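Asker: Following is a predicted model, sequence given first.
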Amino acid sequence: MPADSTNRTALAKLMKVTDLLLKGKVMAQYAAACVRPNPGAENDVQVLLITSRDSRRWVIPKGWSMPRKKPHEIARQEAWEEAGVRGQVKKKPLGYYTYVKKLKGSGIAPALVQVHLLNVSELKRDYPERGQRERHWFSPEEAAGAVDEPELKSLLRGIRKFSK
């Protein structure tokens, strides 16, 4: 019977998220897809992923809206705070992905993430969230395989054509 209760719990979560989506209650976040030239291959790039603080899953730097900051500026700020990255961020979004955000307690909410490409020029050793996360460079295919969100996987697989 444990599988039965697991299925009911998953279905209940899906119903809650669907209800929130239909009511237009979606949380907005802004993220940076951080890339650099691949030192081992000409005309290729690497993607920087970081671990989330709680689940330790591989993710890209992202955060919430900030007063008087545009989405691409938020993405740049989050890349600095979470990954120690400096570089040129594109104003136009690379794309979007959705996921179910776990809230404090047992709450969940749908989130829509606007992703901006950030061409990395510096990777600092000392940054605000140093020691709270791991960071690692991946090929676009490896990065896509490391993240959980299907739409983010798709964005990462196609990142070469946008990073030039």
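Answerer: Structure received. Every value quoted in this text rests on a predicted model; they were computed, and no experiment measured them.
Asker: tell me what the strand ranked longest in the chain is packed against?
Answerer: When the chain is scanned for its longest strand (criterion: DSSP state E), the result is strand 108-123. Packing contacts for strand 108-123, counted by 3 or more CB pairs under 8 Å, 6 or more residues apart in numbering; DSSP states H and E, involve helix 2-22, strand 27-37, helix 71-83, strand 85-89, strand 95-102, helix 150-157. Placement of C-beta: from N, CA and C, glycine included.
Asker: now the chain, which segments are flagged as low pLDDT?
Answerer: Along the chain, segments meeting pLDDT under 70 span 1-8, 10-24, 164.
Asker: Centre-most residue in this structure?
Answerer: With distances taken as CA atoms, centre = their mean, Ile60 lies nearest the centre of the chain, 3.4 Å away.
Asker: And Glu82, how far from Trp137?
Answerer: Glu82 is 15 Å from Trp137, where distance means CB to CB, to the nearest Å.
Asker: For stretch 87-96, could you pull out the residues that count as buried?
Answerer: Neighbour counts over stretch 87-96 (16 or more other CB atoms under 10 Å) mark 87, 89-90, 93-95 as buried.
Asker: cool, and stretch 141-153?
Answerer: Buried residues in stretch 141-153 (16+ other CB under 10 Å): 143-144, 146-147, 149, 151-153.
Asker: what about that stretch, how long is it end to end?
Answerer: End-to-end distance of stretch 141-153: 8 Å, with CA to CA, to the nearest Å as the criterion.
Asker: Equivalent analysis for stretch 80-91, please.
Answerer: One end of stretch 80-91 to the other measures 17 Å (CA to CA).
Asker: In contact with Lys70, which residues are there?
Answerer: Lys91 (CB atoms under 8 Å, 6 or more residues apart in numbering).
Asker: what are the phi and psi values for it?
Answerer: For Lys70, the backbone dihedrals are phi -80, psi 160 (criterion: degrees, to the nearest 10).
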